[in-house]
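>>> Pasted the sequence and its predicted model underneath.
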Amino acid sequence: MTRFTVNDRPVQFLMDPETPLLWALRDAANLTGTKYGCGNGDCGACMVIIDGEAIRSCLVSIAEVEGRFVTTIEALSGDRSHPLQQAMVAEGAIQCGFCTPGFVMAGAALLARNPRAGREEIAQAVRNLCPCGAGPRIIRAIERAGR
Ligand code: FES
């Protein structure tokens, strides 16, 4: 059994410990806001925050997360919406929306470390892909959220 914390709740998974965190979150915990894009670490659609660091959940097994604190996009929903989500709306940074949760998690982790991150630092830290082409607007939104 693998135990860790997701969105401030203790969880336990009776799954193969090598199961990628992405699938434990989506299939066992029903936290489907974390998206499957490429499955090999390229796109960032599966980004979650683990102990304050933005991590691609398709690349880590649940065994590697044992005892750690995982935050998913669901924690930033409803009453607890993040300023970055509001900034993305203001900047028109959402197109099809599939990549949005991953960008929000990557941006939120960066802003927690450095709320005044400039465009270059944002572009270096947030290397997610947006096939629709909203990337520049998303970077503007992250910058705006830190102001
Ligand atoms: Fe994990 Fe693309 S699904 S990086």
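Looks like it arrived, so ask away. As the structure is a prediction and not an experimental result, all values here were calculated from the model.
>>> Now for residue 7, how many residues are close by?
Per other CB atoms under 10 Å, the neighbour tally for residue 7 reads 19. Placement of C-beta: from N, CA and C, glycine included.
>>> residue contacts, it?
Contact analysis of residue 7 by CB atoms under 8 Å, 6 or more residues apart in numbering lists 31, 70, 71, 72, 74, 75.
>>> cool, residue 134 as well?
93, 94, 95, 99.
>>> So the nearest residue to residue 138 once chain neighbours are set aside: helix, strand or coil?
Leaving aside its chain neighbours, residue 138 sits nearest to residue 93 (4.6 Å; criterion: CB to CB, 6 or more residues apart in numbering). Local secondary structure at residue 93 is given as coil here, using DSSP: H, G, I helix; E, B strand; the rest coil.
>>> For residue 93, give me its contacts.
Counting by CB under 8 Å, 6+ apart, the residues that residue 93 touches are 87, 134, 137, 138, 140, 141.
>>> how about the CA coordinates for the helix or strand encompassing the last one, as CSV?
Right, the one you point to is residue 141. Under the criterion of DSSP states H and E, residue 141 resides in helix 135-145. Extracted in CSV, the C-alpha atoms of helix 135-145 (Å, rounded to 0.1, in the frame of the first residue of the first chain):
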residue,chain,number,x,y,z
GLY,A,135,1.8,30.2,-24.8
PRO,A,136,2.7,33.9,-25.0
ARG,A,137,-0.6,34.9,-23.4
ILE,A,138,-0.1,32.3,-20.7
ILE,A,139,3.3,33.8,-19.9
ARG,A,140,1.8,37.2,-19.7
ALA,A,141,-0.9,35.9,-17.4
ILE,A,142,1.8,34.4,-15.0
GLU,A,143,3.6,37.8,-15.0
ARG,A,144,0.3,39.6,-14.4
ALA,A,145,-0.7,37.3,-11.5
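>>> Show me the contact partners of it.
82-84, 86-88, 90-93, 103, 107, 110-111, 117-119, 122-123, 126, 128-130.
>>> picking that back up, which one of the contacts of residue 93 is nearest residue 24?
residue 138 (27.0 Å; CB to CB).
>>> which parts of the chain sit against the ligand?
36, 37, 38, 39, 41, 42, 43, 44, 45, 46, 56, 58 (CB under 6 Å from any ligand atom).
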